[in-house]
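Trainee: the amino acid sequence is not available; the structure is as follows:
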């Protein structure tokens, strides 16, 4: 079994996968991991090449869009030791096409599907649970602490949902931020964060919403277990109605 190593970045991972798919006769017998800083980590190091990485993901996405989404979601999961599964999955898809997704007995197909489903579920939930608040300058701001690094697909969704508004989404856990100015979206990091001042109109709306949420509930029909299944407690921190 040949062992390959990369620098731990997404570009490095895709570059290494591109190299293996082009140069190895049997990618199913390859181990792919991030480079470890120790004397006992043996393997062929593949340096990141943004151009090769971009070519690979563009071609794969064009040929197999749904499979590419699965791969991207697994990468966004940030789960360790998934590199070999991603490599093997992309290899079998390139050989057999999208129909390989029906073969969940293949270890790599099963691993990719299982994890991609979890990431996709969180993206779907936060499309409905992310709360934007109006700031004093008229912009909108939302905070979140997702399990997975989903700021990019979530932000892409809101460029369509809130197309005419200027807004920010802040991933507190990873210090990542996205900004939509009504025309283009930018991503970056925040070294430090100070909670922005909310507009007076926003504070009034929040007070009204809390009152409505409290009084609309019918005590006899409360079902906390069902509520938590649709609105898990880990997301309550930034829900106005749960403050």
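Mentor: Perfect, thanks for sending it. Source: prediction; values computed, not measured. Numbering: from 1, shown residues only.
Trainee: read off the pLDDT value for the closest residue to residue 165 other than its chain neighbours.
Mentor: In this structure, residue 165 finds its nearest non-sequential neighbour in residue 140, 5.5 Å apart by Cβ to Cβ, 6 or more residues apart in numbering. The way it works is simple: take the backbone N, C-alpha and C, and place the C-beta from them, glycine included. pLDDT, residue 140: 96.
Trainee: measure residue 75 to residue 5 for me?
Mentor: In this structure, residue 75 and residue 5 are 17 Å apart, going by Cβ to Cβ, to the nearest Å.
Trainee: helices and strands around the biggest helix by length in the chain, which ones?
Mentor: Residue-count comparison of every helix in the chain, with assignments taken from DSSP state H, identifies helix 107-129 as the longest. Counting by 3 or more Cβ pairs under 8 Å, 6 or more residues apart in numbering; DSSP states H and E, the packing neighbours recorded for helix 107-129 are helix 65-77, helix 83-96, helix 151-161.
Trainee: correct me, but residue 34 touches residue 4?
Mentor: No: under the contact definition of Cβ atoms under 8 Å, residue 34 does not touch residue 4, with a separation of 10.4 Å.
Trainee: these two: which is more packed in?
Mentor: The residue with more neighbours, out of residue 34 and residue 4, is residue 4; 22 against 16, by other Cβ atoms under 10 Å.
Trainee: elements contacting the helix or strand hosting that one?
Mentor: Secondary structure from DSSP states H and E places residue 4 in strand 2-6. Using 3+ Cβ pairs under 8 Å, 6+ apart as the contact test, the elements touching strand 2-6 are helix 10-23, strand 30-34, strand 44-45.
Trainee: just name the most buried of these.
Mentor: By mean neighbour count, with neighbours taken as mean count of other Cβ atoms under 10 Å, helix 10-23 ranks first of the helices and strands packed on strand 2-6 at a mean of 20.
Trainee: how far off helix 83-96 does it point, in degrees?
Mentor: Between helix 10-23 and helix 83-96, the angle formed by their directions is 50 degrees, by axes from the mean of the first three to the mean of the last three Cα atoms, to 10 degrees.
Trainee: and helix 10-23 with strand 2-6, angle?
Mentor: Comparing the axes of helix 10-23 and strand 2-6 via the same axes, to 10 degrees yields an angle of 150 degrees.
Trainee: what is helix 10-23 packed up against?
Mentor: Other helices and strands packing on helix 10-23, by 3+ Cβ pairs under 8 Å, 6+ apart, are strand 2-6, strand 30-34, helix 50-63, helix 83-96.
Trainee: same question for that helix, mean pLDDT?
Mentor: 97.
Trainee: just want the most central residue of this protein.
Mentor: Nearest to the centroid of the C-alpha atoms of the chain, with distances taken as Cα atoms, centre = their mean, sits residue 150, at 2.5 Å.
Trainee: now do that residue against residue 185, distance only.
Mentor: When distance is defined by Cβ to Cβ, residue 150 is 14 Å away from residue 185.
Trainee: again with residue 88
Mentor: Residue 88 sits 33 Å away from residue 185 when distances are taken as Cβ to Cβ.
Trainee: likewise for residue 14?
Mentor: Between residue 14 and residue 185 the distance is 22 Å, computed by Cβ to Cβ.
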